[in-house]
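Novice: I would like the atomic coordinates for the input below:
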Amino acid sequence: MHHSQPADDHTLRYWLAVITGAAIGIFFGTWGYFIYEEWKTPPLTALYHAVQLFEIHMPLIEGHLNWQLELGRWAAAFSSGLAILLILRSVFLTGWRLFRLQWTKNHVLVCGLGEVGTRLALEFKSSGKKVVAIERTETSPGVAEVRSHGILVITGDAKAQDTLRKARAQFASKVLAVCSDDDTNIAITVAVRDMAKAEKSAPENAECLLLLADPGLHEKVASHLTSGGGAGEFKIKVGGFDMPDTVARLAFNEHPLDFDGIHENDPVRVHLIVVGTCKLCEALVVKALQLCHFANRSRLRVSVVGHDAKGLIDRVRKRHPHAEPWYDADAVECDPRDPEMPEKVAALPAQDEFVTLAVCPSVEEDKNKDVESINVKTVIEIKDTLKEKGNKAARSQILVYLRRRSGFGTLFESIGKSQDGVPIHAFGLIETLCNSNILLHETQDKLAREMHEEYIREQDDKKKKAEAEGKKFIPRPAHTSWEKLAEEYRESNRMMADFLAIRLRAIGLRMDMPGKPDALISFPDPGDTLAKMEHERWCAEKWLEDYCYCVIRNDKENIHPDLKLWEELPEGERYIDKNFVAKTVSIVGRAEIAIYPISPKKG
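Specialist: Residues are numbered from 1 along each chain as shown. This next block holds a predicted model:
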């Protein structure tokens, strides 16, 4: 994510000029007084008189001024004058922004300037939006950063209606409740909703975006607070931010486990090697279990390297007992800092594997300020060992967990583009995570929503047909609008959207922005490959949610009759997946995406 140049970027240069002028004034003023009248002025007296120069005052001096004193007094005058102007400018700008705020409308209000709030404030500012922020204390690091970009910050309690009114929350086009505490964010959302509802003051299409860190709380709150918003009211959107799951999803979307795709007859399997045993490592394993269902029906292989590798695998097996049939797991008990660790990792890949090696911090290392340097050192050692020992894998890549694009992140961007051995990519970058599209699933939901709308159309058609035949139609839990859809079904659609890229790669296709040459208007599905893959992914999703097979469906008891092999499905149920494949081009088209052939590799 790129930010605009700070509005007050030049202010730092001006203050450097003030300091430089002050240093010149002190040095040459003291020197000038000291040598005045042939070195008769005591040094401390000369220094005292030099300091007085900043008050635009100097003792009465007869005769010619030496050049040192002349330079010193003008430098002091310049330094004092510029400092006064900068202070007045700061006071005036703050007062002017507060004054203008009385008539401000259609602005973006960010409540909470933690890491997420600061990034969002800068994102909207860089897009040309008017931005106002609320933060409880002046000492928050985000306050100085957003102010340097010309953003007005109101200090106070964002839950209090007085503070919200001062920030003109009821007239904002967007209110972002992104404080570090979920209770505070809920209180802000309710206060903003009630203020605007009472006064009918919200601009057209105004939104209040509530961000919750607790996934469990998200599900409970969303049904009560999510609303479409009437005239003069806020549309309330509830977003969740399960950090490990989000990082894992983005990592595998940007750096696919199947690389350019695994076709039906490819004799390869995916091998995920995770170095570390923290929550993020576990999320990577679970995300691989959700995504790794390929056209050749190969089993996923997972290797965990760490001081509690077996414990992580046991936790995954215990939480998702029905997933065991489609993956193999190895545990390599080893301290990530052990000198022999790189060799143990290098010995894991096999010839028929697409290997992704993810290096993450352990629980203890995550609290360590040197976590990134530890990860970088580990990655470089593994890369060098693989090169020395000979990498057996058919294809491989290394992902390293880093928080910022600068520094090490920049290093690995260049390594990732090199042809020297295994490419290395950084993931988990805060710049990638902390933006409205990711936090509120805005981009991801475009495709997921269209998939759900297609499902609704199918269900409506079934309902009409049943009614025409005099039969009873029983609506399913997901047969409702996206706005009213339970979060678990939204997530199901999101996973289906994420998996679509893997399915398309299996037959040599890719998704991209529309408008480019060679966009497809349709494509065949030889042997129902894509339909089979989607059914297997859906089964995996249900098994991971602890569903079981039963001839009668009951979502409350987690049982479903379609949890069986594709070959065992009745044709009516196969039709659902086949129909989605047939309509894929039109579905993604409505989400402003197009489908293209994967260009053949050159050379």
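Novice: C-alpha only now, for contacts and for neighbours.
Specialist: Will do.
Novice: Let's test this: name the helix or strand in this structure with the lowest mean pLDDT.
Specialist: Least confident helix or strand of the chain, by mean pLDDT, DSSP states H and E, is helix 363-366 with a mean of 45.
Novice: Pull the number of nearby residues for Ile521.
Specialist: By other CA atoms under 10 Å, 12 other residues sit near Ile521.
Novice: Quick check: closest non-adjacent residue to it.
Specialist: Val585 (6.3 Å; CA to CA, 6 or more residues apart in numbering).
Novice: need the contact list for that neighbour.
Specialist: Shown in contact with Val585 (CA atoms under 8 Å, 6 or more residues apart in numbering): 520-522, 594-595.
Novice: Then Ile19?
Specialist: Taking CA under 8 Å, 6+ apart as the contact definition, Ile19 lies against Ser79.
Novice: Report the secondary structure element holding it.
Specialist: Counting by DSSP states H and E, the secondary-structure element that holds Ile19 is helix 9-39.
Novice: Buried residues in that helix, which are they?
Specialist: By neighbour count, and taking 16 or more other CA atoms under 10 Å as the criterion, the buried residues in helix 9-39 are 17-19, 21-36.
Novice: pLDDT (mean, whole number) over stretch 493-505?
Specialist: Regarding stretch 493-505, the rounded mean pLDDT is 94.
Novice: Centre of the chain to that stretch, how far?
Specialist: Put simply, stretch 493-505 sits 19 Å off its chain's centre (CA atoms, centre = their mean, to the nearest Å).
Novice: for stretch 422-436, same thing?
Specialist: Going by CA atoms, centre = their mean, where stretch 422-436 is centred and where its chain is centred differ by 8 Å.
Novice: how close does the residue most central in space within the chain sit to Lys237?
Specialist: For the chain, the residue sitting closest to the mean C-alpha position, by CA atoms, centre = their mean, is Leu433 at 1.3 Å. Computed as CA to CA, to the nearest Å, the Leu433 to Lys237 distance reads 18 Å.
Novice: same question, Val551
Specialist: 38 Å.
Novice: Between those two, which is the more surrounded one?
Specialist: Each of Val551 and Lys237 has its neighbours counted (other CA under 10 Å); Lys237 has more, 19 against 10.
Novice: Please identify the helix or strand for the residue nearest to Arg147 when sequence neighbours are not counted.
Specialist: Computed as CA to CA, 6+ apart, the closest residue to Arg147 that is not its neighbour in sequence is Val153, at 7.0 Å. Val153 belongs to strand 152-155 when elements are defined using DSSP H and E.
Novice: just Ile188 next, same as before
Specialist: Per DSSP H and E: Ile188 is located in helix 182-199.
Novice: Could you do Met451 as well?
Specialist: Using DSSP H and E, the element containing Met451 is helix 442-468.
Novice: Does anything pack onto that helix? Which helices or strands?
Specialist: Identification of packing neighbours for helix 442-468 by 3 or more CA pairs under 8 Å, 6 or more residues apart in numbering; DSSP states H and E yields helix 436-439, helix 487-505, helix 584-590.
Novice: switch the cut-off to 7 Å
Specialist: Using 3 or more CA pairs under 7 Å, 6 or more residues apart in numbering; DSSP states H and E as the contact test, the elements touching helix 442-468 are helix 487-505, helix 584-590.
Novice: will you turn these into JSON lines that also has distance to Met513?
Specialist: Supplementary listing: the helices and strands packed on helix 442-468 in JSON lines, determined by distance: least, CA to CA, whole Å:
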{"stretch": "helix 487-505", "distance to Met513": "13"}
{"stretch": "helix 584-590", "distance to Met513": "10"}
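Novice: surely Asp335 meets Asp308?
Specialist: No. With contact taken as CA atoms under 7 Å, Asp335 and Asp308 are classed as non-touching, separated by 8.7 Å.
Novice: quick revisit: contact partners of the strand holding Val153?
Specialist: Identification of contacts with strand 152-155 by CA atoms under 7 Å, 6 or more residues apart in numbering yields 97, 132-138, 143, 147, 167.
Novice: Identify the residues contacting stretch 179-190?
Specialist: 111-112, 114, 158-159, 177-178, 208, 210-213.
Novice: Please enumerate the strands of the stretch 151-300 of the chain.
Specialist: 152-155, 174-177, 207-212, 235-240, 269-275, 300-306 (DSSP state E, counting those that start in this stretch).
Novice: Figure out which of those strands is closest to Gly229.
Specialist: The minimum distance between Gly229 and those falls on strand 235-240, with 4.1 Å, by CA to CA.
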